[in-house]
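**Student:** Any chance you could fold what I've pasted below:
(one chain, ligands or ions: 1)
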Amino acid sequence: MARYSSAWETAIEQLEEASKIAGLDPAVLALLKEPQRVFIVTFPVRMDDGSVKIFTGFRVHHCHALGPIRGGTRFHPEETLDDVKALALWMTVKNSLNGLPAGGGKGGVICNPASLSTAELERLCRAYIRAIAPLVGSWQDFPGADLGTDERTMSWMLDEWEQMHGLRHDPAAISGKALVLGGSEGRPSATGLGVMFSVRETCRVLGMEMKGLRVAVQGFGKVGSWAARLLFEQGAKIIAVSDVYGAIFRPEGLNPDEVFDHVRESGKVQGFSGAAAITNEELLELDCDVLIPAAVQSVLTEENASRVRARIVVEAANGPTTPEGEQILLSKGVFLVPDILANGGGAAIAHLERVQGLYDHYWTEEEVQKRYDIIFKQVYGQVYRIAREKEISMRMAAWVKALRRIEEAVKARGWV
Ligand code: NAD
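**Tutor:** A predicted model of the protein is given here:
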């Protein structure tokens with residue numbers, strides 16, 4: 001059986017390849033090959049039956065040369081330190097790529113949020129943020145939501161952190177919280193919006209129309225469902241969507257708003273009326289224009305990449321394509337928009353959320369989305385130009401642009 005690269009191995013391979021193209025100083029490369037700080041915390045949580053369970057969590061600060069750490073928090077039963085390290089490295093690169101004054105980090109807890117009651121989940125969130133509290137703060141580390149966490153979990157974390165700090169209110173300490181606590185308009189759809197922008201800009205450079213574009217989306221969670229809904233609004237035809245239980249396919253197109261309502265009622269996409277049930281593997285190989293992996297890492301591999309029929313792959317998930325899988329896709333002429341560019345909407349709007357929190361002045365959804373659109377168009381254009389000039393992939397072009405800025409900051413600090 002083929003052995004797939006872990007997320008950390010994939011991230012290091014991408015870093016090494018891009019640093020060669022960018023001519024990165026070897027000392028900077030050596031610095032970026034390990035996180036600057038790794039925190040492993042264990043903490044007790046009281047269960048509803050009175051027993052106590054010990055949980056393990058992580059917070060990794062990959063590189064803080066460009067500014068305070070930013071990055072999401074994942075609650076997942078198979079969370080590993082290696083995954084969190086890889087995701088932290090990708091955050092360093094993503095924040096740099098978007099021109100943000102921010103370093104990269106990531107957090108996670110090994111847990112299955114679906115198996116916890118609301119009260120247990122709240123106690124776990126509060127215990128986790130207490131365990132990592134010395135790291136957290138608007139000018140130190142600004143944890144946000146990611147896989148398995150949401151507005152509710154981040155609101156509990158903000159409340160706990162503020163309660164620990166006496167009379168202090170600091171909405172810029174935690175991102176992804178409720179609007180009423182200082183969250184940002186447009187935050188829930190932020191990453192999906194970036195995915196839609198990625199498809200829009202790619203259509204522009206390839207001379208394709210958004211209208212009628214056949215799109216398949218793996219993962220119908222926060223990112224995938226928003227991407228599907230925003231693309232549908234632009235006239236795209238969403239022919240398939242999936243979740244962890246399986247996929248649904250309708251060649252004439254699905255209405256993602258109706259699928260969303262169905263998922264809210266039934267808990268899964270399958271069973272949606274008028275759509276055929278297929279597997280997640282089949283979804284990845286559908287005849288479509290755009291394939292959007294928006295679930296987990298390492299799903300496009302040397303095993304299945306040759307069977308992908310999409311013209312464009314937009315990586316909404318982090319690390320969905322292994323390096324071996326990417327080679328195959330590129331050799332087939334697939335246009336691949338890499339994760340650090342395609343899913344940077346969360347990072348960019350988290351930045352705008354922090355700015356609003358620091359100013360204590362809040363913008364409308366339209367203002368937030370306009371600001372992100374300006375950032376995105378500029379970054380996409382620069383990455384595309386580097387890719388064309390150097391005849392390299394969009395992923396390498398994005399990495400090269402990001403690494404140059406990190407190197408400048410590392411050198412300006414006199415670290416190397
Ligand atoms: P989520 O938990 O809201 O949704 C995940 C979706 O993927 C769900 O539909 C789930 O059922 C499905 N899924 C889980 N395991 C699967 C599997 N093995 N096969 C197929 N489907 C599976 O998570 P999310 O926030 O939408 O994040 C999705 C991806 O996007 C992750 O890789 C995450 O790291 C990345 N990402 C998220 C954000 C964000 O703002 N939430 C930002 C950047 C990147």
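
**Student:** Name the residues of the longest strand seen in the chain that are buried.
**Tutor:** For the chain, the longest strand by residue count, based on DSSP state E, is strand 52-63. By 16 or more other Cβ atoms under 10 Å, the buried positions in strand 52-63 come out as F55, G57, F58, R59, V60, H61, H62, C63. All C-beta spots, glycine's among them, are computed from the backbone N, C-alpha and C.

**Student:** Partner strands of it, with direction?
**Tutor:** strand 37-46 (antiparallel), strand 103-110 (antiparallel) (DSSP bridges).

**Student:** And the first one, how far out from the chain middle?
**Tutor:** For strand 37-46, the distance from its own C-alpha centre to the chain's C-alpha centre is 23 Å (Cα atoms, centre = their mean, to the nearest Å).

**Student:** give me the residue from the stretch 151-300 of the chain nearest the ligand.
**Tutor:** Across the stretch 151-300 of the chain, no residue is closer to the ligand than G221, which sits at 1.7 Å (Cβ to the nearest ligand atom).

**Student:** neighbours of that residue, just the number please.
**Tutor:** 18 (other Cβ atoms under 10 Å).

**Student:** swap in E252?
**Tutor:** Number of residues near E252 (other Cβ under 10 Å) recorded here: 8.

**Student:** Now do the SS call for it.
**Tutor:** strand (DSSP: H, G, I helix; E, B strand; the rest coil).

**Student:** For it, give me its contacts.
**Tutor:** E252 makes contact with K237 under the criterion Cβ atoms under 8 Å, 6 or more residues apart in numbering.

**Student:** helices or strands up against the longest helix along the chain?
**Tutor:** Longest helix of the chain, by residue count under DSSP state H: helix 365-390. Helices and strands touching helix 365-390, by 3 or more Cβ pairs under 8 Å, 6 or more residues apart in numbering; DSSP states H and E, are helix 190-206, helix 339-342, helix 345-359, helix 394-412.

**Student:** That helix near the ligand at all?
**Tutor:** No: applying Cβ under 6 Å from any ligand atom, one finds helix 365-390 out of contact with the ligand, separated by at least 12.6 Å.

**Student:** Buried residues, that helix. List them.
**Tutor:** So, applying 16+ other Cβ under 10 Å, buried residues of helix 365-390: V368, Q369, R371, Y372, I375, F376, V379, Y380, V383, Y384, I386, A387.

**Student:** Looking at the helices and strands packed on helix 365-390, which one is packed in the most?
**Tutor:** A comparison of these by mean neighbour count, using mean count of other Cβ atoms under 10 Å, puts helix 339-342 on top with a mean of 28.

**Student:** what does that one rub up against?
**Tutor:** With contact meaning Cβ under 8 Å, 6+ apart, helix 339-342 is reached by 90, 93-94, 97, 194-195, 198, 314-320, 379-380, 383, 394-395, 398-399, 402.

**Student:** is the ligand contacted by that helix?
**Tutor:** No: judged by Cβ under 6 Å from any ligand atom, helix 339-342 stays clear of the ligand, getting no closer than 7.1 Å.
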